[in-house]
Structures are given as C-alpha cells and as structure tokens.
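Visitor: Give me a 3D structure for the following:
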Amino acid sequence: MAPQKKWSLVAVAVAAFMAGLILLRHGDGRAARPLATKGSLAPDFTLPQLDGRQLHLSSYRGKIVLLDFWATWCVPCREEIPHFVELENKYSKDGLEIVGVSMDDGPEPVRTFYQQFHMNYPVVMGNANLGEQYGGVLGLPIAFLLDREGRISAKHIGATKPETIEKEATVLLESR
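Guide: Got it, this is the predicted structure:
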C-alpha cells in the first residue's frame, strides 16, 4: 500500500474515532444539557438519603441551599464538614439548608462518617450523571449556593474559607 494511502486511512480512522467520542457524549438524541453556571437554575434531582428516604432538591425552593459535593476520602471535605454542621446549627432557623452529595462508591463508609462527624443535615448518594449535570465533578469538594428560587448564586471549587460561604449565605438569607 502506498504511504499516502496509509496516511489517508489513518486520518479517516482518527476522524471516525473522534466522531464516535462525540456521539457517545451527545448521541442520545437529546440536546446537550446546559452546565450548572452562576444564575442558572440548579439541576433538580431525586436521590436516596442514607436512611433510604428520597430527597427532592426542588422541595427546598423558598430556602437558601448549600449543595456540597464531597466524599469520605477527601481531606479538604473532611475539614469543611464541621463548618457546615455549624452553619446548619446557626442558620437553619433562618432558612439555610445544607444538602450533602456524597460521591463515594457506596453508602456504608458514608453512614460511619456521618455519625463520626455528627452531621446534622441530609446526605444523598450522588452519581456520575448528577456530577455531569452540575458541570462535571472532577475534584472535590465542590459547593453550590442556591437562592430561594433554586438558582445558582455561587460555585466554589476546592476547599473554601467558611467565612466566605457564611457571608454569601447571610446575604442571600437577608434578601427577600
């Protein structure tokens, strides 16, 4: 086979491979979902909590929600969670709700962690699909602060100073 023909076949193969990747990602016939960005409506979900009850994110409309993607093995997550427990204690009566989304592989280590860290807010078991809806959860922690209408007010990637989240939450709590 002539070298030029080989390169043509290689180019066709690479093009077919790339097209296949695109189809795998978006080829289900639906338009690609918009990413969760500041000002957009947070993607709704219904997921099981650790006790088996279903949590519907949409049922939190009218409240300020801190949606925290985390995992038991994530060191920065382990540092943030005690602060979230404090925020829940301090502001839940004012309308702040914290929802933890564990990205662990299963609920058993999460249940142990939940008790060990005296978590006082609901935790659901997340999955890759939910992570994709929220723009891809490639690193943890990632926290979204949602306003009373369920719109994303802030997104924090990585460990965030507790004062920063508290300040943003109190501004939202004070706005009606």
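Visitor: I figured residue 94 hits residue 172, correct?
Guide: No - the pair residue 94 / residue 172 is not scored as a contact, 10.2 Å apart, by C-beta atoms under 8 Å. Any C-beta I mention is one placed from the backbone N, CA and C, and that applies to glycine too.
Visitor: Comparing the two, which shows the higher neighbour count?
Guide: It is residue 172, of residue 94 and residue 172, that has more neighbours when counted by other C-beta atoms under 10 Å, with 21 against 12.
Visitor: So that one belongs to a helix, correct?
Guide: Yes - counting by DSSP: H, G, I helix; E, B strand; the rest coil, residue 172 falls inside a helix.
Visitor: List the beta-bridge partners for the nearest residue to it once chain neighbours are set aside.
Guide: In space, and not counting its chain neighbours, residue 172 is closest to residue 64: 4.6 Å by C-beta to C-beta, 6 or more residues apart in numbering. Beta bridges link residue 64 to residue 96, judged by DSSP bridges.
Visitor: correct me, but residue 64 touches residue 99?
Guide: No - under the criterion of C-beta under 8 Å, residue 64 makes no contact with residue 99, lying 11.3 Å away.
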